[in-house]
Structure formats: C-alpha cells, structure tokens
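Engineer: turn this into a model:
(one chain, ligands or ions: 2)
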Amino acid sequence: MSFQPRRSVLYMPGSNARALEKAKSLDADVLILDLEDAVAPGQKDVAREQVLAAVTAGGYGKRELVVRVNGFDTPWGRKDIECFAKAPIQALCLPKVESAAEVLAVTQVLQQAGAPKDLALWTMAETPRGILAIDEIAGAHPRMAAIVLGTSDLAKDLRVPHTPTRLGLLSSLGLCVLAARAHGLDVLDGVHLDLEDDAGLELACQQGVELGFDGKTLIHPRQIPAANSAFSPTEAAIARAQKVSAAWEQAQSEGKGVVLVDGKLVEALHVEEALRVLAIADAMKA
Ligand SMILES: CC(C)(COP(=O)(O)OP(=O)(O)OC[C@H]1O[C@@H](n2cnc3c(N)ncnc32)[C@H](O)[C@@H]1OP(=O)(O)O)[C@@H](O)C(=O)NCCC(=O)NCCSC(=O)C[C@H](O)C(=O)O
Ligand SMILES: [Mg+2]
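Structural biologist: Numbering: from 1, shown residues only. Ligands and ions are numbered 1, 2, ... in the order given. The predicted structure follows:
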C-alpha cells in the first residue's frame, strides 16, 4: 500500500518571493503556492510568474507542490490554469468550488492545454453551496485527489464564530470527510489563524485527527511540527499494527477469520487499518 504524506500542508502567497525560497528548507509534507486570496489583485500577474519560475527552477525535494489558482469566474482564473497545466507540480487547487460542473470546466481547459493525466485537482470546500454539493464535487472527475476545507471563508458565510470546539463548523467538516472517503480522496482540515495560540493549534490538530482528516492546512512554518506530530501514527499505534499484522498472518495460515490481539478482536478490517498505519510509518521514515 503506497501512502502520500499530507500531514502538514503549508500555504504561502505566490507574491512572497522570500516565502517561496524559505519553503525549500521547511519540512511541510505539501506546499500550496497561493495565487488566490493571499495575493492582492494588483499582484496576481507577478505572483503567477514568480510561482511558475520557482517550481520550474525546483529545489523543493520530493514533496507535493500544489498551486491554488484563482476562481474560474475571476479575471485571472483561466490564465492561471493554462499557465500551470504543464508545470512541474502535482496538483491545482480550485477555490470556492460549488458544483461538479465547475470541476469539469477546469478539466476541459486542462485537456485543451495538454495537461498530463497525472496532474491532480484539489478542491476547496469553503462556501455553504460547496459543502451541500461536496458529494458530486468529490466524484466529479478522475483527476480529483483531495478536498481542502476553507474554514475562514466558511465561518464567514455561515456567520459562526471561530471557537476552540469549532461547533459551528462540525457538520461541514463531517460531510467533507464522508464525501472524501466515499470517493477515495484525501481530506485536509482548515487553517488555524492565531499564530500565537500553540495550545489551540494542538487542540485543533487533535480534533482534526478525531474527525478523520488526513492532515491540516497551515499558514506559518511554526505550525508545521504540531501538524506533523498529530497526523503521524504514535509509536504505540505502530507497535499494535505490527502485532495485528503478524497475528493475522498466523491466523490465516490456520484458516481462521478472526483473532484476539491483546484481548481485542481483530478481523480483516482491522488488518486493513493496521497496514495503512504501517504504510504511513514507512512513508514518514522515507
Ligand atoms: C502571516 C504571515 C504574513 C507572517 O509572515 P512573516 O511576518 O514573514 O512571519 P515571520 O517573520 O514569523 O516568518 C518567519 C520566517 O518564516 C517565513 N515564512 C512566514 N510565513 C511563511 C509561509 N507561509 N511559507 C513559507 N515561509 C514563511 C518568513 O519568510 C520568515 O523566514 P526568514 O525570511 O528566513 O526569516 C505569513 O506567515 C503568511 O503569509 N502566511 C500565509 C498566508 C496565506 O497563504 N493565506 C492564504 C491561505 S489561508 C486561507 O485563506 C485558507 C482558505 O481559503 C480559507 O478560506 O480558510
Ligand atoms: Mg478561502
């Protein structure tokens, strides 16, 4: 089972040349080079050129590079998509997506621009309509690889406060995890805006793990360690996964379909979970 680590997904404004350079030395699993909301309208063309130059020059190691383009309905969206269709990146991230039709429109532009088949699409879930349509969006096209929560925009549109429990967002968070799993996609939690609030960041990371997210989007390098730690399997989880895998092999050789490991029932589904933990642990080592 191969595993693509997406524990820590760091945004940076494509207009910030220093951040684009700094990112090369940071241990975020994924980088989102932003052309959308972190870039002022007057900086859009500069940001696009700067990001294209940066990814073309390389130096980012083997982690995933994702470019968040402007919305298709903006003056910059189509040009962004055409500009990065054949760039050395792994995915385009589409903001404020509200229908499968929007995803398909982008795939049409990518096809016309000669984009390679393995250029993936990530979509932001960050408006009420986008949340209500998340099932059709997740299943819109084979290029779909991940859903990213945009909890800043979503909290604004829902008129809910940013609180430690994220109570006003929980139904949206849960729906996106359901849609991602139903369509075999990864799903990434939203950002934590208070850079000084380390305890709140840790709580939000733990909540994201318990809600089923694969990782967390971040806005500052200081947030990377908390996300990498929270979304990596613990030593205890790895040890149990190894025990489950070994016990299952033994049980299978004896023609058994269930086995007890440390007093807990293990069936095929638990072995699937254990193999995923071991795949994640191997990827972390690599
Ligand atoms: C918030 C910031 C503007 C703060 O930047 P700065 O003042 O430079 O911070 P520091 O001095 O503490 O920086 C320390 C060093 O780290 C580098 N740095 C800072 N931020 C980043 C980053 N994001 N990526 C890479 N490197 C970064 C600085 O250059 C310093 O390094 P050095 O020069 O060597 O000293 C800034 O953090 C920032 O711009 N963050 C990202 C903001 C962003 O991208 N927002 C859009 C995504 S959030 C969003 O909207 C999600 C979604 O759409 C939603 O709706 O929720
Ligand atoms: Mg947003």
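Engineer: can I assume Ala138 is in contact with Ala145?
Structural biologist: No - with contact defined as C-beta atoms under 8 Å, Ala138 does not reach Ala145; the gap is 10.3 Å. To be clear about C-beta, it is placed using only N, CA and C from the backbone, and glycine gets the same treatment.
Engineer: enumerate the residues of the stretch 101-250 of the chain near ligand 1.
Structural biologist: Contacts of the stretch 101-250 of the chain with ligand 1, taken as C-beta under 6 Å from any ligand atom, map to Met124, Glu126, Gly150, Thr151, Ser152, Asp153, Gly190, Val191, Ile219, His220, Pro221.
Engineer: can you rerun that using 5 Å?
Structural biologist: The interface of the stretch 101-250 of the chain toward ligand 1, taken as C-beta under 5 Å from any ligand atom, is made up of Glu126, Gly150, Thr151, Ser152, Asp153, Val191, Ile219, His220, Pro221.
Engineer: picking that back up, who touches both of Ala138 and Ala145?
Structural biologist: The contact sets of Ala138 and Ala145 overlap at Leu185 (C-beta atoms under 8 Å, 6 or more residues apart in numbering).
Engineer: mind checking how far Lys62 is from Leu20?
Structural biologist: Going from Lys62 to Leu20 by C-beta to C-beta, to the nearest Å gives 18 Å.
Engineer: what about the two, which has more around it?
Structural biologist: Leu20 (23 against 5; other C-beta atoms under 10 Å).
Engineer: number of nearby residues for the residue nearest to that one when sequence neighbours are not counted?
Structural biologist: In space, and not counting its chain neighbours, Leu20 is closest to Ala54: 4.5 Å by C-beta to C-beta, 6 or more residues apart in numbering. Here the number of neighbours of Ala54 (other C-beta under 10 Å) works out to 21.
Engineer: Glu196 too?
Structural biologist: 8.
Engineer: would you mind measuring from it to Ala19?
Structural biologist: Distance, Glu196 to Ala19, by C-beta to C-beta: 19 Å.
Engineer: Lys96 too?
Structural biologist: 23 Å.
Engineer: in the protein, which spans are strands?
Structural biologist: With DSSP state E as the criterion, the chain has strands at 8-13, 30-34, 64-68, 91-94, 120-125, 144-149, 186-189, 215-218, 259-261, 264-266.
Engineer: hey, which of these is tucked in deepest?
Structural biologist: A comparison of the strands of the chain by mean neighbour count, using mean count of other C-beta atoms under 10 Å, puts strand 215-218 on top with a mean of 28.
Engineer: residues touching the closest residue to Ala23 other than its chain neighbours, list them.
Structural biologist: Leaving aside its sequence neighbours, Ala23 sits nearest to Leu31 (C-beta to C-beta, 6+ apart; 5.2 Å). Counting by C-beta under 8 Å, 6+ apart, Leu31 touches Val9, Leu10, Met12, Ala23, Tyr60, Arg63, Glu64, Leu65, Val66.
Engineer: nearest to Val39, of those residues?
Structural biologist: Met12 (10.2 Å; C-beta to C-beta).
Engineer: for the residue nearest to Leu20, give its distance to ligand 1.
Structural biologist: From Ala54 over to ligand 1 the distance is 12 Å, taken as C-beta to the nearest ligand atom, to the nearest Å.
Engineer: which residues does stretch 146-161 contact?
Structural biologist: 6, 9, 37, 91, 93, 95-96, 120, 122-128, 131, 134, 137-138, 162, 166-169, 172-173, 176, 179-180, 185-191, 193, 213-214, 217.
Engineer: who in the stretch 51-200 of the chain is up against ligand 2?
Structural biologist: With C-beta under 5 Å from the ion as the criterion, the stretch 51-200 of the chain meets ligand 2 at residues Glu126, Gly150, Asp153.
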